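Q: let's see this in three dimensions:
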Amino acid sequence: MSEPDNALVFMQPTSEQDVTDLYLIAGGDDFEAAMSALPEAARAWAGRNGFSGAIGDARLLPAPDGGAIAVVGYGTLSQRSRARFILAAGGQKLPEGCYRLVGHALSAAALEAECLGWLLSGYRFDRYRKAGRKAVGLVAPDGVDAARVEALAAAEALTRDLINTPAEDMGPADLQAAVAALATLHGAEMSAIVGDALLEENFPLIHTVGRAASADRAPRLLDLRWGAEGPLLTLVGKGVCFDTGGLNLKPGGSMGLMKKDMGGAATVLGLAHMIMAQGWKVRLRVLIPAVENAVAGASFRPGDIFTARNGLTVEINNTDAEGRLVLADALALAAEETPDRIISMATLTGAARVAVGPDLAPFFTDDAALRAALPEGAARWADPVWELPFHAPYEAMIEPGIADLDNAPKGGFAGAITAALFLRRFAGGGAYTHFDVYGWNPSAAPGRPKGGAGMGARALFAALPEVLAL
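A: Residues are numbered from 1 along each chain as shown. Sure, this is the predicted structure:
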């Protein structure tokens, strides 16, 4: 992993002449009061040209010294309640240059979130097609923790890059290289258990899911450790680099986005970058089972029964429910250390998308402290989450009778909940939280281009310091 490029950091102007003042102008009933902060000539020009303070509206206006000032619409209160990264919505419509936000009434937290959106709007995935970037820079406003905002932007860029990369170039070995690069950047340690060594080290489910892939795409368990003091925080991310569905083959329409099936791994790596870049006093562990669920003679089969690392037997009723299998072994390993918190993130179920759509990150938790802190953390960094229940009466749905657990209960009801209950059987009974993320923006929005996306990581970044008493 390299340092973030200039599009995702605050601009450092070489002189005052290089900086244009930028005003956030509310709309509706607050419009006239907001406009009163501008010079008279600028107000007149804005009026003649139809500027109304609507979200996404941005203009350059004449300044008294012959230069220019910029205005970006902040919308009405009701419009703002339906939008994220409002500053970015207008800011990226301005001409190239360096801008300094002045005359705003944002709280410190809201200001940092808007600055993050501005930086994220500079993201481009250009590995395969080089596209020009418009250099619309922002000076870090007073009171903003620039290093923190830049760390969050870099983490999101890392997550997006990993998800957006096609599976041909982001197989298990490539994901291992990305983890190794992150470890090198932060002085962490990384190890890997690869191929048949997984059986020798008792990770049978990870091996089972990945065993049909070619030798150069062999399954593996990646293990990153960082920090020597503080509470032990273990993050587990689903790293299915491509999911054909196995012998329960997906139709073409469902397979098209399966390069993103390692979105849980990409997201925990983004969160890990935030934590390490900010120097938290924690002992951080990141576990990623990295596999490709391929179709070959060695594919595992519906009806097979396997014994997981923790001794539970699992009946395979659908080979396309493979993510919970690889996570099961990784969670069992995590639980052996009895960490203070275990958090898993995975692109796990279509049921979660049906329940809450692509924008919300649903989570399940036994952790009362984290449950209370997450909504505020989500609001802090424009990273919405929603709790779904570990509904105990549904435990019977994942118990097939012939084995301890069923990886794909029949009937189609409560798919996200039954998957989360399955995972909880391996998490050791401590403070466990699971995120069922989508990892993808189906359409572009300010600061959030179409494509790979981190979900839930910033909410956790805001919530965990309180929960861990950092």
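Q: I'd assumed D29 was in a helix, is it?
A: Yes: counting by DSSP: H, G, I helix; E, B strand; the rest coil, one finds D29 located in a helix.
Q: tell me the contacts of it?
A: With contact set as CB atoms under 8 Å, 6 or more residues apart in numbering, D29 has these partners: T76. Where you see a C-beta, it was placed from the backbone N, CA and C, and this is true even at glycine.
Q: so V314, which of the three states?
A: Three-state assignment for V314 (three-state DSSP): strand.
Q: isn't it up against A408?
A: No: here V314 lies out of contact with A408, judged by CB atoms under 8 Å, at a distance of 10.2 Å.
Q: looking at the two, which one has more neighbours?
A: V314 (26 against 21; other CB atoms under 10 Å).
Q: in contact with that one, which residues?
A: Contacts for V314 (CB under 8 Å, 6+ apart) come out as L205, I305, F306, T307, A308, L325, A328, A403, D404, L405, D406, N407.
Q: give me the contacts around the helix or strand hosting V240.
A: Under the criterion of DSSP states H and E, V240 resides in strand 239-243. Applying CB under 8 Å, 6+ apart, the contact partners of strand 239-243 are 167, 170-172, 174-175, 209, 217, 222, 250, 255, 258-259, 261-262, 264-265, 288-294, 320, 322-323, 326, 347.
Q: report the buried residues of stretch 455-469.
A: By 16 or more other CB atoms under 10 Å, the buried positions in stretch 455-469 come out as 455-465, 467-468.
Q: my bad, should have said stretch 343-353
A: Those would be I343, S344, M345, A346, T347, L348, T349, A351, A352, R353, for stretch 343-353 by 16+ other CB under 10 Å.
Q: among those residues, which lie within strands?
A: Those of the buried residues of stretch 343-353 mapping onto strands are I343, S344, M345, A346, per DSSP state E.
Q: bridged to the third one, which residues?
A: When bridges are taken as DSSP bridges, the partners of M345 come out as G237, F435.
Q: for T184, see how far away it is.
A: The spacing between M345 and T184, counted by CB to CB, to the nearest Å, is 23 Å.
Q: give me the buried positions along stretch 327-343.
A: For stretch 327-343, a neighbour-count test (16+ other CB under 10 Å) marks 327-335, 339-343 as buried.
Q: pLDDT on the longest helix along the chain, on average?
A: For the chain, the helix with the greatest residue count under DSSP state H is helix 146-164. Mean pLDDT, computed over helix 146-164, is 98.
Q: equivalent analysis for stretch 374-384, please.
A: 98.
Q: same check on stretch 126-133?
A: For stretch 126-133, the per-residue pLDDT averages 84.
Q: do the same with stretch 440-457
A: Here the average pLDDT along stretch 440-457 is 97.
Q: ok, which stretches of the stretch 301-450 of the chain are strands?
A: 305-307, 313-315, 341-346, 361-365, 385-387, 405-406, 432-436, 440-441 (DSSP state E, counting those that start in this stretch).
Q: and the helix or strand just after the last one, how far out from the chain's middle?
A: This points to strand 440-441. Downstream of strand 440-441, the first helix or strand assigned by DSSP H and E is strand 451-452. In terms of CA atoms, centre = their mean, to the nearest Å, the centre of strand 451-452 is found 10 Å from the chain centre.
Q: read off the pLDDT value for the closest residue to F242 other than its chain neighbours.
A: Closest residue to F242 apart from its sequence neighbours, by CB to CB, 6 or more residues apart in numbering: A167 at 3.8 Å. Per-residue pLDDT puts A167 at 98.
Q: quick one on the thing from earlier: can you put the strands of the stretch 301-450 of the chain in CSV and add distance to G67?
A: Output for the strands of the stretch 301-450 of the chain, formatted as CSV (distance: least, CB to CB, whole Å):
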stretch, distance to G67
strand 305-307, 70
strand 313-315, 68
strand 341-346, 47
strand 361-365, 43
strand 385-387, 43
strand 405-406, 68
strand 432-436, 47
strand 440-441, 37
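Q: re the thing from before, the longest helix of the chain - contacts with which helices or strands?
A: Other helices and strands packing on helix 146-164, by 3 or more CB pairs under 8 Å, 6 or more residues apart in numbering; DSSP states H and E, are helix 108-120, helix 172-186, helix 263-277, strand 451-452, helix 457-467.
Q: go again with 7 Å.
A: helix 108-120, helix 263-277, strand 451-452 (3 or more CB pairs under 7 Å, 6 or more residues apart in numbering; DSSP states H and E).
Q: ok, L111 to Q79 distance?
A: 19 Å.
Q: show me the shaky parts of this protein.
A: Filtered on pLDDT under 70, the chain yields the residue ranges 1-6.
Q: one more time with 90
A: 1-7, 12-18, 64-67, 103-105, 130-135, 401, 410-412 (pLDDT under 90).
Q: contact partners for the residue most central in space within it?
A: Taking CA atoms, centre = their mean, the centroid of the chain lies closest to G454, which sits 1.8 Å from it. Neighbour list for G454: E156, T159, T267, G270 [criterion: CB atoms under 7 Å, 6 or more residues apart in numbering].
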